[in-house]
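In: Okay, structure incoming, though there's no sequence with it:
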């Protein structure tokens, strides 16, 4: 019939393709229990952040890869109003998972009693943190932090939920965990664990 469109045989009968990989965007907040002096954050620690306990001393990563969208840090003013400084420094990618100069650093300093030190810094192009991180780059530092005790750090990530990848245990010691509980680990869990999560159970 003129003017009527006909559908080709079989068109639209097959389910459309879809992306089975699930990516989430999350903001994590941390507090520093003591002063931060060039504290290095590794890909390993970022990948370990979100995990589930499978035993009292065992936990496994829930995400197979992650990339940093931004790092924000606030440094509280000292009681004697002495200026305090906070800084975020990203490590450059030089191929093959190696790192080196140049780095990208941003810092800020408090003034008096009215202005806290604060930095909001997305990873620049060419930095390791701007790439999708996986176990290939796990032990590599991707950024470092400076700040006084009781600094507050926000980390915004994109994370890909594990699909058919093999399970990956977190890289450092777990103790006192409850089986089946989802935890957020310290941001420097493979170091001194000075940067502890706020509002989440942690191990």
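Out: Cool, the structure landed. Note that this is a predicted model, so its numbers are computed, not measured.
In: How many neighbouring residues does residue 186 have?
Out: Neighbours of residue 186 under the rule other C-beta atoms under 10 Å: 21. C-betas here are computed from N, CA, C, even on glycine.
In: Going by neighbour count, list what's buried in stretch 168-181.
Out: Within stretch 168-181, the residues scored as buried using 16 or more other C-beta atoms under 10 Å are 168, 170, 171, 172, 174, 177.
In: Quick check: the third one touching residue 48?
Out: Yes - between residue 171 and residue 48 a contact is recorded at 5.9 Å, counting by C-beta atoms under 8 Å.
In: neighbours of residue 21, just the number please.
Out: Count around residue 21 with other C-beta under 10 Å applied: 11.
In: returning to what we had before: got any residues that touch both of residue 171 and residue 48?
Out: 189, 190 (C-beta atoms under 8 Å, 6 or more residues apart in numbering).
In: Show me the two of the buried residues of stretch 168-181 that sit farthest apart.
Out: 168 and 177 (16.2 Å; C-beta to C-beta).
In: Give me the most central residue, the protein.
Out: residue 46 (4.5 Å; C-alpha atoms, centre = their mean).
In: that's a strand at that one, yeah?
Out: No - going by DSSP: H, G, I helix; E, B strand; the rest coil, the assignment for residue 46 is helix, not a strand.
In: mind listing what it touches?
Out: Neighbours of residue 46 in contact, by C-beta under 8 Å, 6+ apart: 66, 68, 133, 142, 155, 157, 187.
In: just checking, what packs against the lengthiest strand in the chain?
Out: Using DSSP state E, we find that the single longest strand of the chain is strand 63-75. Strand 63-75 sits against helix 43-48, strand 85-93, strand 117-121, strand 141-147, strand 152-161, with contacts defined as 3 or more C-beta pairs under 8 Å, 6 or more residues apart in numbering; DSSP states H and E.
In: what comes up buried for the shortest one?
Out: Buried residues in strand 117-121, defined by neighbour count with 16+ other C-beta under 10 Å: 117, 119, 121.
In: which one among the residues you listed gets closest to residue 86?
Out: For the buried residues of strand 117-121, the nearest to residue 86 is residue 117 (4.5 Å; C-beta to C-beta).
In: and that closest one, what is it in contact with?
Out: 74, 75, 77, 83, 84, 85, 86, 108, 109, 110, 147.
In: Tell me what it is bridged to.
Out: Beta-bridge pairing for residue 117 (DSSP bridges): residue 75.
In: Which pLDDT value goes with it?
Out: You'll see residue 117 listed with a pLDDT of 96.
In: Distance check, it against residue 148.
Out: The spacing between residue 117 and residue 148, counted by C-beta to C-beta, to the nearest Å, is 8 Å.
In: quick one: common contacting residues for those two?
Out: 75, 84, 86.
In: Check whether the second one really touches residue 149, as I assumed.
Out: No - here residue 84 does not reach residue 149: they are 9.6 Å apart, not a contact under C-beta under 8 Å.
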